[in-house]
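*Asks:* Next one to model:
(one chain, ligands or ions: 1)
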Amino acid sequence: MGDVIDQKVFKLKRGKYCPHTQSSVDRYQRIVECVKCGALLDPFDVVLDLAQEEDRYTTSIQRLRKENERLDKDIQELKRQERNAKARLRRLRTKEGKSSDA
Ligand SMILES: [Zn+2]
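*Replies:* Numbers count the residues shown, from 1 in each chain. Predicted coordinates for the structure are as follows:
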């Protein structure tokens, strides 16, 4: 049994035998394991991965908010142009109506 643990510790120290991303926490043994291959993972590395993932999400959210603001402005501009075009059309139709009356 000790050998198995040593092997897992070896995996942990080398850190390159587990390519998987899903981990589970065993709160009683106070260890973090790979869900797929059972490799014992360095809890610090797992926390670091999670923090970096959160950073990526935060950056992505900021980028999406800016994109959303830009699209909102585009929509407002398109609505303004549509209102102008409709008003121009109404004016043209009233002019046509008046000229045909005369
Ligand atoms: Zn794994």
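
*Asks:* tally of neighbours for residue 38?
*Replies:* By the measure other C-beta atoms under 10 Å, the count of residues near residue 38 is 14. (Glycine included, C-beta is placed from N, CA and C.)

*Asks:* how near is it to residue 24?
*Replies:* Going from residue 38 to residue 24 by C-beta to C-beta, to the nearest Å gives 10 Å.

*Asks:* ditto for residue 44
*Replies:* 16 Å.

*Asks:* Residue 74: how many residues sit nearby?
*Replies:* Neighbour tally, residue 74, other C-beta under 10 Å: 10.

*Asks:* I should have written residue 39 there, sorry.
*Replies:* The tally of other residues near residue 39 (other C-beta under 10 Å) stands at 21.

*Asks:* before we move on, what about residue 33?
*Replies:* For residue 33, using other C-beta under 10 Å, the count is 20.

*Asks:* Please name the residues that touch it.
*Replies:* If a contact means C-beta atoms under 8 Å, 6 or more residues apart in numbering, then residue 33 has 23-24, 26, 39-41 as its contacts.

*Asks:* Could you tell me which of the residues you listed belong to helices?
*Replies:* Using DSSP state H to define helices, no part of the contacts of residue 33 is located there.

*Asks:* can you name the two of those residues that are farthest apart?
*Replies:* 26 and 39 (13.0 Å; C-beta to C-beta).

*Asks:* helix, strand or coil for the residue nearest to residue 41 when sequence neighbours are not counted?
*Replies:* Leaving aside its chain neighbours, residue 41 sits nearest to residue 32 (4.6 Å; criterion: C-beta to C-beta, 6 or more residues apart in numbering). Look at residue 32: counting by DSSP: H, G, I helix; E, B strand; the rest coil, its state is strand.

*Asks:* Please enumerate the strands of this protein.
*Replies:* 23-26, 31-34, 40-41 (DSSP state E).

*Asks:* Now do the buried residues in the second one.
*Replies:* Neighbour counts using 16 or more other C-beta atoms under 10 Å place 32-34 of strand 31-34 among the buried residues.

*Asks:* Looking at those, which is nearest the ion?
*Replies:* Of all the buried residues of strand 31-34, the ion sits closest to residue 34, with 3.1 Å by C-beta to the ion.
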